[in-house]
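>>> Coordinates for the following, if possible.
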Amino acid sequence: MTAPVLLDRHGPIALLTINRPEKLNALDYTTNDLLLAHLDELEPDDGIGAVVITGAGRRAFSAGGDIHEFSRSIADGIEDAVRDFCQRGQRMTARLEDYPKPVIAAVNGLAYGGGCEITEAVHLAVACESALFAKPEINIGIPPTFGGTQRLPRLAGRKRALELLLTGDSFSAARAFDLGLVNQVVADGRELDAAFALAERILRHSPLAASRILTAVTRGLNTTITEGLRIEQEQFARMAATRDVHEGLAAWIERRMPDYQGA
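Got it, this is the predicted structure:
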């Protein structure tokens, strides 16, 4: 049986593909758990500097949670549904948001529900022109459960997010770009190339500096500006003791490309 998440290494870039095209790459519990397991596997791998996530096939990035499986959890009781569905999905999106290496979504089709929430949680995102997004949970009588009520308002603003959350209406890749949900919109079939190109632009720089930036931004967004500046100082202090800082400064002064060692 083919795994529901595929892991391929392309030099310093890891590609994770949600691989349930016959189900529009819906996120059942096994898929969710395997995605987390792969992220755990890749984190200590010094040969990997960035992660790209996409969906198998041309129809969907991910159509969201597996509703048939979720409905069985609902039937088993509230505690089971909260533990198995809500908490599991929130762990996954929180892991993506807090990941110490850049994570880029290559949105190649439908990104509904949990698929949209993955796009919200990752650090960067590229979408094809025909990609379609939605927050459709209200159609089955629930709020978003993988962090969508919290991250989308932070990205798009309260009123624009509430319109999408309360109507369940779908919206285009161009609209997702305007809302700050994706960084680029590219021609259909070019989203993976664009995501890899973006990763390569990041990988020119110190991986340690990238990690410190990710930490400062992610932690700082959820606190006051005063506390955020303290976090920024902490991340700078952690970098100042590394070889990468001395190499970066020397390379700039000597007008050469730096040779970062990640230490």
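>>> Look at N25 and tell me its secondary structure.
Here N25 is recorded as coil under DSSP: H, G, I helix; E, B strand; the rest coil.
>>> Surely it is in contact with L6?
No - using C-beta atoms under 8 Å, N25 is not in contact with L6, being 11.3 Å away. For glycine as for every other residue, the C-beta is placed from the backbone atoms N, C-alpha and C.
>>> Can you give the distance of stretch 104-123 from its chain's centre?
In terms of C-alpha atoms, centre = their mean, to the nearest Å, the centre of stretch 104-123 is set 7 Å apart from its chain centre.
>>> what is the rounded mean pLDDT of it?
Stretch 104-123 comes out with an average pLDDT of 98.
>>> And stretch 32-50, by the same measure?
Model confidence over stretch 32-50, given as mean pLDDT, is 97.
>>> now do the same end-to-end measure for that stretch.
Its start and end residues considered, stretch 32-50 measures 20 Å (C-alpha to C-alpha, to the nearest Å).
>>> Tell me how far the spatially most central residue of the chain lies from G180.
Per C-alpha atoms, centre = their mean, the C-alpha nearest to the average position across the chain is that of V122, at 1.9 Å. Note on V122: its distance to G180, by C-beta to C-beta, to the nearest Å, is 13 Å.
>>> What pairs with the host helix or strand of A111, parallel or antiparallel?
Here A111 sits within strand 110-112, counting by DSSP states H and E. According to DSSP bridges, strand 110-112 forms sheet pairs with strand 60-62 (parallel), strand 132-134 (parallel).
>>> for D193, what are its contacts?
V186 (C-beta atoms under 8 Å, 6 or more residues apart in numbering).
>>> my read is it is in a strand, agree?
No - counting by three-state DSSP, D193 is not part of a strand but helix.
>>> Tell me which stretches of the chain form strands.
Along the chain, counting by DSSP state E, strands occupy 5-10, 13-18, 50-55, 60-62, 103-107, 110-112, 124-128, 132-134, 170-172, 184-186.
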